[in-house]
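S.K.: For reference, the sequence and a predicted model appear below.
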Amino acid sequence: MKSDRLREMENYILKHESVSINTLCSIFDVSKNTIRRDLGELEKKGIIKKVYGGVTLSDSQKDTVPFSEREIKNKSVKQLLCETASSLVNDGDIIFIDSGTTTMHMLPFLADKNNLTIITNNINVLINSLPYPNLNILSTGGSLFRETNSLIGIEAVNFLQNYNISKAFMASTGVSISKGVTNSSCIEYQIKKKVVNKSDNIIVLADESKLGVASLMTYCELQDIDVFITDKTPPKPFQNFFQQNNVNVIVPTIYKEKEAVNI
């Protein structure tokens with residue numbers, strides 16, 4: 001029955017956060033037209049929003065998922081993106097590690113770096129840095145924002161004003177050609193904006209579900225980033241945009257191999 005399918009589809013999307021239309025067609029064994037009609041009903045209820053080739057949870061629904069649950073979802077993907085990002089870090093760099101459930105996984109891959117300074121407002125990075133005495137860790141200070149396990153406030157913004165950053169590793173809830181790199185939290189916006197302004201190189205880590213999504217506030221124009229690290233070759237419009245604006249796109253080898261098999 002349609003009502004049962006809608007309920008199961010809603011539960012599936014709530015569990016996975018983002019999913020393609022092709023995947024939904026395969027799982028529920030119905031046509032794309034049927035899936036699109038079903039998704040239209042879920043969109044009216046405010047549960048989802050449409051993105052390129054699929055859907056993702058609406059920002060209001062994402063806010064109901066605890067940080068600890070968001071952190072363990074797609075953990076292996078996040079770790080591989082962070083391993084790739086960490087390969088861009090050199091001895092002597094001054095880097096910023098953003099808040100979020102993806103960038104926090106960078107730290108173990110930086111353990112062998114020398115004379116590395118890490119500036120962060122990410123509580124998980126601060127805690128997990130304790131076993132690595134060779135890493136110089138600077139905390140922005142500020143007030144605890146439990147939704148993202150991060151430090152926020154004017155104290156953090158003022159702190160960042162004093163430092164030059166060679167590379168900033170940034171997270172995002174949405175990446176759009178027209179709206180740029182966006183974030184769903186206005187509380188964190190000023191910090192992200194300040195980091196972008198103080199950094200020589202901007203590296204954004206985002207899985208494919210973030211593409212085509214525009215969240216509440218734009219903290220960086222898409223053409224202003226230097227490197228985009230993701231888990232799947234972006235759709236053609238993004239490929240063209242990145243090429244035209246000299247943005248280096250990196251897809252870890254393991255995902256390129258998977259794409260080749262799927263083709």
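M.R.: Cool, the structure landed.
S.K.: Would you mind finding the longest helix in the chain?
M.R.: Using DSSP state H, we find that the single longest helix of the chain is helix 2-16.
S.K.: domain parsing for the protein?
M.R.: Segmentation of the chain into domains, based on automatic domain parsing, reads 2-62, 68-262.
S.K.: hey, least reliable of these by pLDDT?
M.R.: Among the domains of the chain, domain 2-62 has the lowest mean pLDDT, at a mean of 78.
S.K.: Now do that one: distance to the chain's middle.
M.R.: With C-alpha atoms, centre = their mean, to the nearest Å as the basis, domain 2-62 stands 21 Å off its chain's centre.
S.K.: isn't there a strand covering I119?
M.R.: Yes - counting by DSSP: H, G, I helix; E, B strand; the rest coil, I119 is located in a strand.
S.K.: what's the spacing between it and Q161?
M.R.: Using C-beta to C-beta, to the nearest Å, one obtains 12 Å as the distance from I119 to Q161. Glycine gets a C-beta too; all of them are placed from N, C-alpha and C.
S.K.: Which one of these two is surrounded by more residues?
M.R.: Neighbour count, other C-beta atoms under 10 Å: between I119 and Q161, I119 has more, with 22 against 9.
S.K.: Let me see the contact set for that one.
M.R.: Counting by C-beta atoms under 8 Å, 6 or more residues apart in numbering, I119 makes contact with I94, I95, F96, I97, L138, T140, L160, Y163, I165.
S.K.: Show me what it is bridged to.
M.R.: For I119, the beta-bridge partners are F96, L138 (DSSP bridges).
S.K.: And the helices in the stretch 51-200 of the chain?
M.R.: Assigned by DSSP state H, counting those that start in this stretch, the stretch 51-200 of the chain shows helices spanning 59-62, 67-72, 75-86, 123-128, 154-160, 186-198.
S.K.: For K50, find the nearest of those helices.
M.R.: Smallest distance to K50 across the helices of the stretch 51-200 of the chain (C-beta to C-beta): 13.4 Å, for helix 59-62.
S.K.: How far off centre is stretch 202-221?
M.R.: Centroid separation for stretch 202-221 versus its chain: 7 Å, with C-alpha atoms, centre = their mean.
S.K.: neighbours around G141, how many?
M.R.: 12.
S.K.: Sounds good, over and out.
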